[in-house]
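**Q** Task: produce atomic coordinates for the following.
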Amino acid sequence: MIRILLFGAEGSVRSGGAELLKEALDPGVAGWIDLVAETEVAEKLLQDQGFHPLAIEDTFTLHHQPRVEEYADHLFVIVRGIDFNSDKAVDQLQTLKLAAFLRSNLLITVHRAELKSVKLVRSRVEESARALPGGVVQLLWSI
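**A** Next up, the predicted model:
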């Protein structure tokens, strides 16, 4: 699933799917591209955007440890969130990985399954971009 949010200077938010992709990649537009279980689409998009090959590889490695890596034109982050849908016992806590690529006006998140934190932040931001005065940096931090 591809979900895209575009943020206007006046606090407006436009949401949609793949039809907004070209606009979201415009350097003059602030946006969030969230890719859920879209491995092939995500890999091609990340390669086309010139993100570091090792960061792209780590995005699709199933069991990768959390980390932050700074590259010349982007920040790469891997975090793990609690899998609230897991049927495992409490003492066998499961996590889900989220990989994020951050540029000055663009956040791209990639994950295999829906994450509660992503869903909550997206809901809040869809109401108003004014909820994130720090732009896409604050968006990533909020997730």
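
**Q** which secondary element of the chain has the worst mean pLDDT?
**A** Lowest mean confidence among the helices and strands of the chain (mean pLDDT, DSSP states H and E): helix 116-127, at a mean of 87.

**Q** so after it, what's the next helix or strand?
**A** Next helix or strand after helix 116-127 toward the C-terminus (DSSP states H and E): helix 135-142.

**Q** what sits against the residue most central in space within the chain?
**A** Geometric centre of the chain, nearest residue: Thr109, 1.7 Å, by Cα atoms, centre = their mean. Residues in contact with Thr109, defined by Cβ atoms under 8 Å, 6 or more residues apart in numbering, are Trp32, Ile33, Asp34, Leu35, Leu98, Ala99, Ala100, Val118, Leu140, Ile143. Just so you know, the C-beta spots here come from the backbone N, C-alpha and C atoms, and that holds for glycine as well.

**Q** what's the answer for Phe101, then?
**A** By Cβ under 8 Å, 6+ apart, the contact list for Phe101 reads Leu46, Gln49, Phe51, Ala55, His74, Leu75, Phe76, Leu107, Ile108, Val110.

**Q** do that again at 10 Å, thanks
**A** Contacts were defined as Cβ atoms under 10 Å, 6 or more residues apart in numbering; by that measure Phe101 touches 33, 42, 45-46, 49, 51-52, 55-56, 59, 71, 74-77, 107-110, 140.

**Q** beta partners of it?
**A** Judged by DSSP bridges, the bridge partners of Phe101 are Phe76, Ile108.

**Q** residue ranges with poor pLDDT in this protein?
**A** Residue ranges of the chain with pLDDT under 70: 85-91, 129, 131.

**Q** show me where it has helices.
**A** Assigned by DSSP state H, the chain shows helices spanning 21-24, 39-48, 53-59, 116-127, 135-142.

**Q** just checking, what packs against the first one?
**A** The reference is to helix 21-24. When contacts are defined as 3 or more Cβ pairs under 10 Å, 6 or more residues apart in numbering; DSSP states H and E, helix 21-24 packs onto strand 2-7, strand 13-16, strand 30-36, strand 106-111.
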